[in-house]
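Visitor: Sharing a sequence plus its predicted fold:
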Amino acid sequence: MTIRARGLSARIPERWLFRGLDLAAEPGRIWSLVGPNGSGKSTLLRCLAGLRAPDEGEVFIDQQPLTALRGPQRAVRVAYLPQLTPLYHDLEVHQLVMLGRAPHLSRWRGPSAEDQHRVERSLERVWARDLAGRRVSTLSGGERQRVMLARLLATDATVLLLDEPTTSLDIGHALRLLDLCRTLADDGAAIILAMHELDLARRVCDHAVCLGAGASGEHHRGPVADVLTPEILGTVFDVEVHEHADGLSFHPR
């Protein structure tokens, strides 16, 4: 399943965040969204998830407009993990992850054995099966992030949109999460990650969008090797960037 943006644009009162953005995230590919704070990464993900209407352009799932899909139809195709998910009830972890199965459930019956299996498998994939009986309020920030990722996986959606998913994680879990994203992509998912870790984006992702290239919504888009370059990153982030055999180094101007 491919998610496409055609001519996508969004603005805030003082400027365009991005304008005329075309993107096709195909199965088996990982895209990274990078850019300075406030450049529009979260806004772009919300437009792709159907949670914010773009000011121009349209989003498609395969050849179908995203706006033509009803809530449950969209939820089994596209799953979105925001930076922070407010929780209004102190559920057990297992109950919270089961919410990811909601689009698959009949209103006339409870979760099936298959639904239970999907939840357990999702927790296992994010190294959180031992958290299943815990209350969400007892979790650390990193544990909670992994549980929210499990809820996303439980949807069985094949288009995954993740907004800075590694921010609360220690380096070990962050690397395992990115390895998991690679595995999911290899299994047929189309994945878009908003990221601050530019070196990791270069190593893990296939394509990239770099926002914040100009006040009129200019941006860079293409293969990682063409977008996440010292020249482009130095200009967009206003830093000195040097490329080494083992990665990039950054220095203030």
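Guide: Arrived safely, thanks for sending. Numbers count the residues shown, from 1 in each chain.
Visitor: list the contacts for the residue nearest in space to the middle of the chain?
Guide: A centroid search over the chain (CA atoms, centre = their mean) returns Leu162, at 1.6 Å, as the residue closest to the centre. Taking CB atoms under 8 Å, 6 or more residues apart in numbering as the criterion, Leu162 is in contact with Tyr80, Leu81, Leu149, Leu152, Cys181, Ile191, Ile192, Leu193, Ala194. Glycine gets a C-beta too; all of them are placed from N, C-alpha and C.
Visitor: what's the one helix or strand Leu153 maps to packed up against?
Guide: Applying DSSP states H and E as the criterion places Leu153 in helix 141-154. The criterion is 3 or more CB pairs under 8 Å, 6 or more residues apart in numbering; DSSP states H and E, and the helices and strands that helix 141-154 contacts are strand 78-81, helix 93-98, helix 113-125, strand 159-163, helix 171-186.
Visitor: run the last query once more with 6 Å
Guide: Helix 141-154 is packed against strand 78-81, helix 93-98, helix 113-125, with contacts defined by 3 or more CB pairs under 6 Å, 6 or more residues apart in numbering; DSSP states H and E.
Visitor: Glu56 contacts Arg11, doesn't it?
Guide: No: the criterion here is CB atoms under 6 Å, and Glu56 misses it with Arg11 at 8.8 Å.
Visitor: Wait, His242 touches Phe250, no?
Guide: No: proximity of His242 to Phe250 does not meet the contact threshold set by CB under 6 Å, at 8.1 Å.
Visitor: In terms of neighbours, single out the busier of those two.
Guide: Set side by side, His242 and Phe250 show more neighbours around Phe250, with 14 against 11, by other CB atoms under 10 Å.
Visitor: ok so, going back, and for the helix holding Leu153, what's in contact with it?
Guide: Contacts with helix 141-154, where a contact means CB atoms under 6 Å, 6 or more residues apart in numbering, come from 79, 81, 85, 93, 97, 99-101, 118-119, 122-123, 126, 128, 168-169.
Visitor: buried ones in that helix?
Guide: Glu143, Arg144, Gln145, Arg146, Val147, Met148, Leu149, Ala150, Arg151, Leu152, Leu153, Ala154 (16 or more other CB atoms under 10 Å).
Visitor: again, but for stretch 211-231
Guide: Along stretch 211-231, the positions that meet the burial threshold by neighbour count (16+ other CB under 10 Å) are Leu211, Gly212, Ala213, Gly217, His219, His220, Arg221, Val224, Val227, Leu228, Thr229.
Visitor: Model confidence for His196, exactly?
Guide: Here the pLDDT value assigned to His196 is 92.
Visitor: Quick check: it vs Pro13, distance?
Guide: Using CB to CB, to the nearest Å, one gets 25 Å for the distance from His196 to Pro13.
Visitor: got it, and Asp55?
Guide: In this structure, Asp55 and Pro13 are 12 Å apart, going by CB to CB.
Visitor: Comparing these two, which shows the higher neighbour count?
Guide: Regarding Asp55 and Pro13, a neighbour count based on other CB under 10 Å identifies Asp55 as having more, with 16 against 4.
Visitor: Need phi/psi at that one.
Guide: With angles defined as degrees, to the nearest 10, Asp55 shows backbone torsions of phi -80, psi -20.
Visitor: That one touches Gly7, doesn't it?
Guide: No: in this structure, Asp55 sits apart from Gly7 without contact. The criterion is CB under 6 Å, and the distance is 10.5 Å.
Visitor: Good, wrapping up.
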